[in-house]
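S.K.: what shape does this take:
(one chain, ligands or ions: 1)
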Amino acid sequence: MSPRASAASRRVPAAQIWAQAQAVLVGGVNSPVRAYQQVGSDPVLARRAAGAVLTSTEGRAYIDFIMGWGALLWGHQPPAITRALQAALPRLVLAGLTHEGEVTLASLIAQAMPGIEQVRFTVSGTEACMTAVRLARAVTGRTRVLSFTGGYHGHSDVLMAGHTAGIPAALASHRTLVAYNDVAALRRAVDQQGKELACIIVEPVAANTGVLPPAPGFLQALRELATRSGALLIFDEVVTGFRLAPGGAQQHFGVQADLTILGKIIGGGLPIGAVGGPRLLMQRLAPLGDVYHGGTFAGHPLSMVAGATALQWIQRHPPYAQLERRTTQLTHALAQAAQAAGVPIQINRVGSMFTVFFSDQPVRNAAEAQASRRDRFACWANALREQGVLIPPSPFEALFVSPAHTPRQLRRFAAAAAAAFRAVAQV
Ligand SMILES: Cc1ncc(COP(=O)(O)O)c(C=O)c1O
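M.R.: Below you'll find the model as predicted:
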């Protein structure tokens, strides 16, 4: 028996792994969207990945546009990051002490983002968002948090109040929710509650109701209203940081936040989050200040190494112009294919992130995203999967293009999408 055949015969079938997963993991997953409930199919079980290709447990190869939910700017296992991790592993896995890797990554971030003088690393975006709001409340001496319907800032109590069981109702009373891109509603809310506002927290490009680009003037209005009311403006750049530009959405749109939250790309594929801002604000965090944040794994040496390698690679080979060009070509091809199939869609794109909404109306906020045809999205996603293209199994997520996607792979996606739109036309 060849080594390959013996490995294959040892392989446990996907159905068996999924059955075991459901027995020992809640719903078979560690994050709900992975259960594929929103597209009504069996989940893809990941086995290995390289470049733009993810191989499932069954040995099926997919061109991947989930890309670690945006964390993998450079694709799967970019050789530079793999090499850096291999070199780091025998050196230091965990100390629980300050180490040089933290200084390197924090310096790279501060160089790239003008609004950041100091950084506090966390293990996840959730933790970073929670910490940023705590900091804003301490700095302003106020409690109320203004955020936007459909925005996602992780699953902390403070930012999920009103959206899940298990959080005291009182916490929701400290939040104000406004529709994304609705400047008039924003002005009304700030007129009424401005004096209570500790912060306005926003995804500068919403990515968790599908991609919603900010309407012209929206981010500028946020800046103006936050300044006027004395609230801190927090940009949650967990997705957009280093995806749209080295300086994130703040550089891309020319609007400066008071505090910035980062995650995903800055960890090079390993767990991470970060809060960054001017020294004056950041120094309210412990040990210098009275706002507590700490963590056994905060500033984890391996995340620091992977993240620093990803950001150094960006410095050396900025991918943004190429990503813009390729993603534009791809989305044009998708739009043409949908039109040819007679399927109305809206493609919302900013840089290398985009969402296809099955709607004949513009999608500018969460309500309009919710009104899109989910049955058609599910049909499209499943038809793509059958042809070897993996997209997020939810109509409310972003697809991410990476420099790892070759032009040929992008053309294959467009061809598969055309067939998938023809299937959608029957739904
Ligand atoms: C904009 C945004 N903020 C925060 C988070 C939470 O980050 P994490 O999943 O690392 O906790 C996410 C996760 O997708 C996100 O998209």
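
S.K.: can you list the residues of the stretch 51-200 of the chain near the ligand?
M.R.: Trp69, Ser124, Gly125, Thr126, Cys129, Tyr152, His153, Gly154 (Cβ under 6 Å from any ligand atom). Where C-beta positions appear, they are placed from N, C-alpha and C, glycine not excepted.

S.K.: quick check: residues of the stretch 251-400 of the chain near the ligand?
M.R.: Checking the stretch 251-400 of the chain against the ligand by Cβ under 6 Å from any ligand atom, the hits are Gly263, Gly273.

S.K.: strands along the stretch 251-400 of the chain, start to end?
M.R.: Counting by DSSP state E, counting those that start in this stretch, one finds strands in the stretch 251-400 of the chain at the ranges 259-263, 273-277, 346-350, 353-357, 389-390, 399-400.

S.K.: hang on, the earlier thing: which members of the residues of the stretch 51-200 of the chain next to the ligand are the farthest-apart pair?
M.R.: Trp69 and Cys129 (15.4 Å; Cβ to Cβ).

S.K.: the more surrounded of the two?
M.R.: Cys129 (27 against 18; other Cβ atoms under 10 Å).

S.K.: pLDDT score assigned to the closest residue in space to the more buried one that isn't next to it in sequence?
M.R.: Sequence neighbours aside, His153 is the residue nearest to Cys129 in space, at 4.0 Å (criterion: Cβ to Cβ, 6 or more residues apart in numbering). Note for His153: predicted pLDDT of 98.

S.K.: next, the buried residues of stretch 32-49.
M.R.: Buried residues in stretch 32-49, counted by 16 or more other Cβ atoms under 10 Å: Val33, Arg34, Ala35, Tyr36, Gln38, Val39, Pro43, Val44, Leu45, Ala46, Ala49.

S.K.: scratch that, stretch 272-285
M.R.: By neighbour count with 16+ other Cβ under 10 Å, stretch 272-285 contains the buried residues Ile272, Gly273, Ala274, Val275, Gly276, Gly277, Leu281, Met282, Arg284, Leu285.

S.K.: and stretch 320-327, by the same measure?
M.R.: Quick answer for stretch 320-327 (16+ other Cβ under 10 Å): Tyr320, Leu323, Glu324, Arg326, Thr327.

S.K.: need these in JSON lines with pLDDT, can you?
M.R.: Compiled in JSON lines, these are given as follows (pLDDT from 0 to 100):
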{"residue": "Tyr320", "pLDDT": "98"}
{"residue": "Leu323", "pLDDT": "98"}
{"residue": "Glu324", "pLDDT": "98"}
{"residue": "Arg326", "pLDDT": "98"}
{"residue": "Thr327", "pLDDT": "98"}
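
S.K.: turn the strands of the stretch 251-400 of the chain into TSV, columns for distance to Ala306 and mean pLDDT.
M.R.: Output for the strands of the stretch 251-400 of the chain, formatted as TSV (distance: least, Cβ to Cβ, whole Å; pLDDT from 0 to 100):
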stretch	distance to Ala306	mean pLDDT
strand 259-263	13	99
strand 273-277	14	98
strand 346-350	25	98
strand 353-357	21	98
strand 389-390	22	98
strand 399-400	17	98
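
S.K.: what number of residues lie near Pro287?
M.R.: Neighbours around Pro287, by other Cβ under 10 Å: 7.

S.K.: give me the pLDDT value at it.
M.R.: Per-residue confidence (pLDDT) for Pro287: 98.

S.K.: hey, where'd the helices end up in the stretch 51-200 of the chain?
M.R.: 79-88, 100-112, 125-140, 157-160, 169-172, 183-193 (DSSP state H, counting those that start in this stretch).

S.K.: redo these as JSON lines? Include distance to Val389.
M.R.: Below are these laid out as JSON lines (distance: least, Cβ to Cβ, whole Å):
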{"stretch": "helix 79-88", "distance to Val389": "24"}
{"stretch": "helix 100-112", "distance to Val389": "32"}
{"stretch": "helix 125-140", "distance to Val389": "27"}
{"stretch": "helix 157-160", "distance to Val389": "32"}
{"stretch": "helix 169-172", "distance to Val389": "39"}
{"stretch": "helix 183-193", "distance to Val389": "37"}
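
S.K.: could you find the closest non-adjacent residue to the residue of the chain found nearest the ligand?
M.R.: Using Cβ to the nearest ligand atom, the point where the chain gets nearest to the ligand is Gly125, with a distance of 2.3 Å. Distance criterion Cβ to Cβ, 6+ apart; nearest residue to Gly125, sequence neighbours excluded, is Gly263 at 3.4 Å.

S.K.: thought Gly276 was touching that neighbour, still the case?
M.R.: No. Contact criterion Cβ atoms under 8 Å: Gly263 and Gly276 do not qualify, at 11.3 Å.
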